[in-house]
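Asker: A predicted structure for the sequence below; I have some questions about it.
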Amino acid sequence: MPLRRAQGDGPASSRWAGGTKADLNAKRKKKVAHIYEALNSDPADVDALRRLAIDEGGLLTDEIRQRVWPKLLNVSTSDLPLVSGRSLRQISKDYQQVLLDVRRSLRRFPPGMPDEQREGLQEELIDVILLVLQQNPQLHYYQGYHDIVVTFLLVVGEKLATPLVEKLSTHHLRDFMEPTMDNTKHILNYLMPIIDQVNPELHDFMQSAEVGTIFALSWLITWFGHVLSDFRHVVRLYDFFLACHPLMPIYFAAVIVLHREQEVLDCDCDMASVHHLLSQIPQDLPYETLISRAGDLFVQFPPSRLAREVAAQQQAERTAASTFKDFELVSAQQRPDMVLRRRFQGLLRPEDPAKVVLTKPRTNRFVKLAVMGLTVALGAAALAVVKSALEWAPKFQLQLFP
């Protein structure tokens with residue numbers, strides 16, 4: 001059975017915009033009803049589940065996540081065998097490193113948990129990691145991987161966590177589990193081009209400071225699980241990332257930096273000062289607003305549009321993002337990024353000029369549109385009814401390169 005966390009079973013963010021407590025409860029109940037309606041469809045309406053996972057508040061409870069996360073990852077939950085990784089400890093080359101990392105993971109467990117219970121969960125965490133690695137020898141363990149695995153363990157329990165983590169590791173996380181960090185560095189190289197599209201001044205300041213992107217490494221490879229102290233915010237982000245393209249975490253990293261624009265510009269323009277500021281992630285971020293902005297930016301500046309700038313920094317590799325179209329999430333006709341695209345096109349209309357922010361023009365560059373002014377809560381995504389991707393022309397592509 002998954003752990004019932006005292007502080008994590010409620011909505012990822014109870015601070016939905018506007019309304020009385022009664023209004024918020026009614027809104028919550030309505031969303032729960034929509035989720036179960038999608039789950040109980042035959043077959044399950046995965047398109048709707050993706051939209052609801054992206055939508056304001058995410059999937060709300062661990063009980064719901066236990067049913068929806070497998071759908072988002074296309075993992076069957078019928079007749080799951082419980083295969084233990086305990087016997088692998090003597091033969092796994094990664095065991096000692098995994099053991100050290102897990103022992104250092106005390107802060108990832110709910111405060112006040114009895115030592116015996118926590119120690120039991122840590123043993124399960126080791127087993128899940130070793131089993132996934134043993135079944136997929138092409139994957140290489142990295143420090144921070146356990147921060148992702150423990151999130152799944154706490155939400156869905158050991159039996160279900162193993163197949164979910166395995167699917168996640170062979171798709172979304174695959175680039176982080178290569179023998180070298182080349183693909184991870186390639187993904188990090190998307191950060192500055194995204195910032196440049198929206199705020200050239202901030203981009204140029206960071207370039208002048210030579211801060212690089214290493215400050216965002218732990219954010220990316222742990223899906224923010226290592227740097228956020230409130231588990232509710234972690235699982236809210238996991239709802240979002242599981243429903244989206246593998247590169248969405250780097251877009252979310254970009255909007256955090258953009259959100260902190262003034263703090264950065266107020267720094268001394270040197271690597272040490274800017275790196276120190278950015279590496280200390282605030283815990284009181286407006287998560288729903290940032291999720292909304294990340295989705296908007298992905299739609300407006302998809303990886304295919306940024307790839308040439310990224311390739312100028314590092315020779316492009318064949319990454320998980322480039323092959324995501326081969327990863328079938330049950331429905332072959334609708335992808336989560338099209339949900340975001342429909343939402344963006346529905347909200348940003350010509351008659352809404354206040355929601356368009358023009359970046360400053362540069363020599364030999366087109367004036368760019370940014371959507372950082374588009375702060376409509378993701379609850380509005382519920383209005384963007386998901387239809388077949390075949391209605392789109394031209395077809396929205398997910399490849400890194402056109």
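Answerer: Structure's in. What do you need?
Asker: Just list the residues touching the closest residue to Tyr251 other than its chain neighbours, thanks.
Answerer: Closest residue to Tyr251 apart from its sequence neighbours, by CB to CB, 6 or more residues apart in numbering: Ala294 at 4.4 Å. Yep, even glycine has a C-beta here, placed from its N, CA and C like the rest. For Ala294, the contact set (CB atoms under 8 Å, 6 or more residues apart in numbering) comprises 240, 248, 251-252, 254-255.
Asker: change it to 10 Å
Answerer: Ala294 is in contact with 194, 237, 240-241, 244, 248-256, 258, 340, counting by CB atoms under 10 Å, 6 or more residues apart in numbering.
Asker: Next secondary structure after the helix or strand hosting it?
Answerer: Assigned by DSSP states H and E, Ala294 belongs to helix 287-300. Sequence-wise, the next helix or strand downstream of helix 287-300 (DSSP H and E) is helix 303-313.
Asker: Can you spell out which helices and strands pack onto that following helix?
Answerer: helix 182-188, helix 191-198 (3 or more CB pairs under 10 Å, 6 or more residues apart in numbering; DSSP states H and E).
Asker: Need the winner for burial among these.
Answerer: Of the helices and strands packed on helix 303-313, the one with the most neighbours on average (mean count of other CB atoms under 10 Å) is helix 191-198, at a mean of 23.
Asker: Any chance you could list what contacts the next helix or strand after it?
Answerer: On the C-terminal side of helix 191-198, the nearest following helix or strand under DSSP H and E is helix 200-209. If you take CB under 10 Å, 6+ apart as the criterion, helix 200-209 is touched by 191-197, 199, 211-213, 257-258, 260-262, 264-265, 267-275, 278, 359-362, 365, 368, 370.
Asker: if we go to 6 Å?
Answerer: By CB atoms under 6 Å, 6 or more residues apart in numbering, the residues outside helix 200-209 that reach it are 195-196, 261, 265, 269-271, 274, 359-360.
Asker: Can you list phi and psi of Val264 for me?
Answerer: Backbone dihedrals for Val264, given as degrees, to the nearest 10, come out at phi -70, psi -50.
Asker: For it, give its distance to Trp223.
Answerer: Val264 sits 23 Å away from Trp223, taking CB to CB, to the nearest Å as the criterion.
Asker: Looking at these two, which one has more neighbours?
Answerer: Just comparing Val264 and Trp223: by other CB atoms under 10 Å the higher neighbour count belongs to Trp223, 25 against 21.
Asker: Show the backbone phi and psi for that one.
Answerer: Torsion angles, degrees, to the nearest 10, at Trp223: phi 50, psi 40.
Asker: pLDDT value on it, please?
Answerer: Note on Trp223: pLDDT of 97.
Asker: Over to Asn364?
Answerer: So, for Asn364, pLDDT stands at 36.
Asker: How about Leu121?
Answerer: Looking at Leu121, the pLDDT reads 94.
Asker: And it, which helix or strand is it part of?
Answerer: Per DSSP H and E: Leu121 is located in helix 115-135.
Asker: next helix or strand past that helix?
Answerer: Taking DSSP H and E, what comes next after helix 115-135 is helix 145-156.
Asker: quick one on the thing from earlier: flag every buried residue along the helix holding Leu121.
Answerer: Buried residues in helix 115-135, counted by 16 or more other CB atoms under 10 Å: 118, 121-122, 124-135.
Asker: Just give me how far it sits from the chain centre.
Answerer: 23 Å (CA atoms, centre = their mean, to the nearest Å).
Asker: who does it touch, helix- and strand-wise?
Answerer: Judged by 3 or more CB pairs under 6 Å, 6 or more residues apart in numbering; DSSP states H and E, helix 115-135 is in contact with helix 95-103, helix 145-156, helix 158-170.
Asker: got a list of contacts for it?
Answerer: 84-86, 88, 92, 94, 98, 102, 109, 139, 141, 149-150, 153, 158, 161-162, 165-166, 169.
Asker: The same query, at a cut-off of 7 Å, please.
Answerer: 3, 83-86, 88-89, 92, 94-95, 98-99, 102, 105, 109, 139, 141, 145-146, 149-150, 153, 158, 161-162, 165-166, 169 (CB atoms under 7 Å, 6 or more residues apart in numbering).
Asker: any weak-confidence spans in the stretch 1-150 of the chain?
Answerer: Scanning the stretch 1-150 of the chain for pLDDT under 70 picks out the ranges 1-19, 81-85.
Asker: got it, and the stretch 301-402 of the chain?
Answerer: Using pLDDT under 70, the stretch 301-402 of the chain drops low at 313-402.
Asker: how much space between Leu49 and Tyr238?
Answerer: 14 Å.
Asker: Pick out whichever of those two has more residues nearby.
Answerer: Higher neighbour count among Leu49 and Tyr238: Leu49, with 29 against 25, using other CB under 10 Å.
Asker: Against which helices or strands is the helix or strand where that one lies packed?
Answerer: Using DSSP H and E, Leu49 falls within helix 46-54. On a contact count with 3 or more CB pairs under 7 Å, 6 or more residues apart in numbering; DSSP states H and E, helix 46-54 meets helix 21-40, helix 62-72, helix 231-242, helix 336-347.
Asker: okay, those, which one's buried deepest?
Answerer: It is helix 231-242: most buried of those by mean count of other CB under 10 Å, with a mean of 24.
Asker: what packs against the helix or strand just after that one?
Answerer: Note on helix 231-242: by DSSP H and E, the next helix or strand toward the C-terminus is helix 248-259. Counting contacts by 3+ CB pairs under 7 Å, 6+ apart, helix 248-259 is packed against helix 191-198, helix 217-221, helix 231-242, helix 287-300.
Asker: closest one to Asp45 among these?
Answerer: Closest to Asp45 of the helices and strands packed on helix 248-259, according to CB to CB: helix 231-242, at 16.0 Å.
Asker: from the chain's centre, how far out does that closest one sit?
Answerer: 7 Å.
Asker: same question for it, mean pLDDT?
Answerer: 97.
Asker: Quick one: work out the angle between that helix and helix 145-156.
Answerer: Angle of helix 231-242 versus helix 145-156, following axes from the mean of the first three to the mean of the last three CA atoms, to 10 degrees, is 100 degrees.
Asker: Would you mind checking which of the contacts of Ala294 is nearest to Ala53?
Answerer: Phe240 (6.7 Å).
Asker: Wait, the closest one touches Glu56, no?
Answerer: No. Contact criterion CB atoms under 7 Å: Phe240 and Glu56 do not qualify, at 10.6 Å.
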